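>>> need a structure here:
(2 chains)
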Amino acid sequence: MSLTTKFSARSAALALGVSILLAGCAGPNPRDPYEGFNRAMFTFNDTVDTYALKPAATTYRAVLPSFVQTGVNNFFGNLADVWTGVNNLLQGHGEAGLSDMTRFALNSTLGIVGLFDIASEAGLPKHKEDFGQTLGTWGMPSGPYLMLPLLGPSTVRDAVVLPLDVKGDLWSYKEPAYIRNTGTALRIIDQRANLLDASTLLEDAALDRYEFIRDSYLQRRESLIHPDDGTSLQRRRKSEDAAYEAVPASEPAAPVAVSAPSSAAEAPKEVNSVPLAATSVSP
Amino acid sequence: MTFIQRFIGAAGFSLAATLVPLVHSAVPANEAPDALVKRISQEVIDIAKTDKAIQAGDQKKVMDVVENKILPYVDFQRMTALAAGRFWRDASPEQQKALSEQFRTLLIFTYSGALSQIKDETIEFKPLRAEPGDTEVEVRSQVNVARGEPIPLNYRVAKSASGWKIYDINVLGAWLVETYKGTFASEINKGGVDGLIKALTEKNKKLANKPLKPAAK
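Numbers count the residues shown, from 1 in each chain, chains lettered A, B, ... in the order given. Got it, this is the predicted structure:
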């Protein structure tokens, strides 16, 4: 009872805080109207990562034997399976939900409090579902992209229900608090350690890391909520290929000549329609 | 933070695996698109796992593999055109050529970085859903990694006069072309097509001077 009151008061405060912070920011991308705010948060997160998280994760990986790291990963992953299972059930994925619950039962007992992921080996694959995905499945749109301090990319919908996801994680009930907090820190470092190789790759691939992460995150999130059964190829072909096919690949010297003037004409038009483009894009 | 980090991590591995697709040895004339992707992936993974120079981060060697085994099966011009979207038609043939070349170089660097990080991943292919007459199909697979969930990795492949060619890659639910589209559009809005070409060229120069980092053990 008091928990629910506290929760709703908190999320109302969060929603209000977010909307105040965001008022006045506007960006050129329709899915990212708060680009100014988001970029500031992105820079902040990056700084924290460079000076604290990444060094900690590097040490963690260098110092601890790999079976310990796997154990840490499995332990927290096991606790998270319960909330994933609840969300699968809420989304009407009965089979997956039951499988998640079975995973938790198996790994908590035979897997020794979750240190070993024997359920995966037994053919019950791990899933990952949160309440934002459940709302998406129910038809609620994600709202604009939102970069959260420390937590990274999200959307307005997912950020508002985030406190519920925190409550859904069993570790958040661990007492006493100092053990809970130490465990949470360990969990974060472990997750960062898994990505040490990947983050250099990302830097290579992206012209603008902020945009690259945003544009892939939003697609990824959408694909988790509405898994693609292959029909997107047909849809895309209709809508987008027109532009490309106007200039056949085999004929690059197509009569599109006079390019300089036409692209020059294009650019100002863009800028006019989005007056803030130039200012808010600068990192 | 966890979500995006997982995402980035997975993207790295899958890029690596992707990039890796392609070795040609005695290519069958009418190879099916899924067979093509499967063969290339397997060959590249095998090279990455056995070649000592690649594991040690020998940049030249890695780029050779990418150039010879993967690139012949990728339609870069189409990829670039789709990423540039409506701006493609307005670009001059020279701009289109320069843009494709720079984008191609950027992807080579990325692929090379990914390739040098392959350790013990395996790839599993899903059944191809396509009609016999289709000229564009989606080949679906997943990369099984030692730690964490499998990474979905899909390819869009189109039939051309010279056989099937890959023109888009999906890592963890995000299409490469779609992901670059936003960046291309904002660079073009800032400095026109030439601005985008310049940004890509500078990025590639930086990457050329940066040593490849082998995978941490």
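>>> name the single longest helix found in chain A.
helix A:66-90 (DSSP state H).
>>> next helix or strand past that one?
helix A:94-109 (DSSP states H and E).
>>> quick one: mean pLDDT over that next one.
The pLDDT scores in helix A:94-109 average 93.
>>> counting by contacts, list what that helix packs against.
helix A:66-90, helix A:118-121 (3 or more CB pairs under 8 Å, 6 or more residues apart in numbering or on different chains; DSSP states H and E). In this view, the C-beta of every residue, glycine as well, is placed from N, C-alpha and C.
>>> circling back to that earlier point, ok and the longest helix of chain A relative to helix A:94-109, angle-wise?
Computed by axes from the mean of the first three to the mean of the last three CA atoms, to 10 degrees, the angle separating helix A:66-90 from helix A:94-109 equals 150 degrees.
>>> returning to what we had before: of the helices and strands packed on helix A:94-109, flag the one that's most buried.
helix A:66-90 (a mean of 20; mean count of other CB atoms under 10 Å in any protein chain shown).
>>> quick check: phi and psi at B:Ala158.
Backbone torsions of B:Ala158, given as degrees, to the nearest 10, read phi -120, psi 150.
>>> tell me how many other residues surround it.
20 (other CB atoms under 10 Å in any protein chain shown).
>>> okay, the residue nearest to it when sequence neighbours are not counted: pLDDT?
Using CB to CB, 6 or more residues apart in numbering or on different chains and skipping residues adjacent in sequence, the residue nearest B:Ala158 is B:Glu136, 4.7 Å away. pLDDT for B:Glu136: 90.
>>> was I right about B:Glu136 contacting B:Ser160?
No - assessed by CB atoms under 8 Å, B:Glu136 is found out of contact with B:Ser160, at 10.5 Å.
>>> more neighbours: which of these two?
B:Glu136 (17 against 14).
>>> touching, A:Tyr145 and A:Arg39? I think so.
No - counting by CB under 8 Å, A:Tyr145 stays clear of A:Arg39, with 11.1 Å between them.
>>> ok, B:Asp34 touching B:Asp134?
No - B:Asp34 is beyond contact range of B:Asp134, at 11.6 Å (criterion: CB under 8 Å).
>>> of the two, which one has the most company?
B:Asp34 (22 against 15).
>>> dump the residue contacts of that one.
Neighbouring residues of B:Asp34 by CB atoms under 8 Å, 6 or more residues apart in numbering or on different chains: B:125, B:128, B:137, B:139.
>>> out of the residues you listed, who's near chain A?
With CB under 8 Å from any CB of the partner chain as the criterion, those include B:Val137 near chain A.
>>> out of the contacts of B:Asp34, which is nearest to chain A?
B:Val137 (7.6 Å; CB to the nearest CB).
>>> host element of that closest one?
strand B:136-144.
>>> now residue 123. Its backbone dihedrals?
With no chain named, the answer covers chain A. Taking degrees, to the nearest 10 as the convention, A:Gly123 sits at phi 90, psi 20.
>>> that answer is for a different chain, and I need it for chain B
The phi/psi pair for B:Ile123 (degrees, to the nearest 10) is phi -110, psi 140.
>>> and the gap between it and chain A?
Here the criterion is CB to the nearest CB, to the nearest Å. By it, B:Ile123 lies 16 Å from chain A.
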